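Colleague: one predicted model, sequence on top.
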Amino acid sequence: QVQLVESGGGLVQAGGSLRLSCAASGRPLSTYYMRWFRQPPGKERKLVAAISESGSSTYYAESVKGRFTISRDNAKNTVYLQMDRMKPEDTAVYYCVGRRAGYDDSWGQGTQVTVST
């Protein structure tokens, strides 16, 4: 199984930007379909963005489309989530998740993102 560690969370003002990183170890990230989920306080966890193994295909939730960008650098075993024009409703714990055929999903520990008004 791949081990995933998120970083880059923190406090940002509305309208600002943050870039989250998800560093993988244990297995080549190039074999994993990668996703970012988020869980706001008191709410359910939801999918934010996803990227194919090669990076050629991406998906975004409607709530972040046009503001967030998911990318990956397989040579660095890292996936990124660039978050721009952030809103208070983006406040959540953000998790990266790796999926590989035939294996259980691998989850990171999460990183807190707080957007102030």
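Modeller: Nice, I can see it.
Colleague: any residues touching stretch 94-109, and which ones?
Modeller: Stretch 94-109 is contacted by residues 1-6, 9, 20, 22, 24, 27, 29, 31-39, 45, 48, 79, 81, 110-113 when judged by Cβ atoms under 8 Å, 6 or more residues apart in numbering. Backbone N, C-alpha and C define where each C-beta goes, glycine included.
Colleague: isn't R38 up against E89?
Modeller: No - taking contacts as Cβ atoms under 8 Å, R38 lies outside contact range of E89: 10.3 Å.
Colleague: more neighbours: which of the two?
Modeller: Neighbours were tallied for R38 and for E89 using other Cβ atoms under 10 Å; the higher tally belongs to R38 (24 against 10).
Colleague: okay, now the residue nearest to the more buried one when sequence neighbours are not counted: neighbour count?
Modeller: Setting aside the residues directly before and after it, R38 is nearest to A92 in space (Cβ to Cβ, 6 or more residues apart in numbering), at 3.8 Å. Counted with other Cβ under 10 Å, residues neighbouring A92 total 22.
Colleague: how about T78?
Modeller: Using other Cβ under 10 Å: T78 sits among 19 other residues.
Colleague: and what of the one 4 residues further on?
Modeller: For Q82, the number of neighbouring residues by other Cβ under 10 Å comes to 15.
Colleague: pLDDT on the strand or helix carrying it, on average?
Modeller: If you go by DSSP states H and E, Q82 is part of strand 78-83. Mean pLDDT, computed over strand 78-83, is 98.
Colleague: and the contacts of that strand?
Modeller: 17-24, 29, 34, 36, 48-49, 51, 64, 67-73, 90, 94, 96, 113.
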